[in-house]
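[1] Please find the sequence and the predicted model below.
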Amino acid sequence: MYHCHIIEHEDGGMMAQIESYDPQHPQTYHLMDMDTLRNAFAKEQGIKPEDVWMPGM
């Protein structure tokens, strides 16, 4: 994650995530994919994905 501390810059591309990985072992998920995030959180907590509420979704 990189970001600027001037909040007005957030929507201008000054706040984003960066993905780095080993090309021999690429990840199978995508950053900022809310379904992936919700499913992973639900699995970790042992609950159904539809029971997960995340602000901003």
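    Arrived safely. Computed from a prediction, not measured in an experiment: that's the story for all the values here.
[2] Can you check the pLDDT for Ala42?
    For Ala42, the model assigns a pLDDT of 89.
[3] same deal with Gln45?
    As summarised for this prediction, Gln45 has a pLDDT of 90.
[4] what about the helices in the protein?
    Using DSSP state H, the helices found in the chain span residues 34-45.
[5] Can you pull out the low-pLDDT segments for it?
    1-3, 7, 9-15, 29-32, 55-57 (pLDDT under 70).
[6] For it, which segments count as strands?
    Using DSSP state E, the strands of the chain run over residues 2-3, 15-16.
[7] check contacts around Thr28.
    When contacts are counted by CB atoms under 8 Å, 6 or more residues apart in numbering, Thr28 touches no other residue. C-beta: built from backbone N, CA, C; applies to glycine.
[8] so how far is Arg38 from it?
    Relative to Arg38, Thr28 is positioned 16 Å away (criterion: CB to CB, to the nearest Å).
[9] what does Cys4 give?
    For Cys4, the distance to Arg38 (CB to CB) stands at 28 Å.
[10] Compare those two and say which is more crowded by neighbours.
    The residue with more neighbours, out of Cys4 and Arg38, is Arg38; 17 against 12, by other CB atoms under 10 Å.
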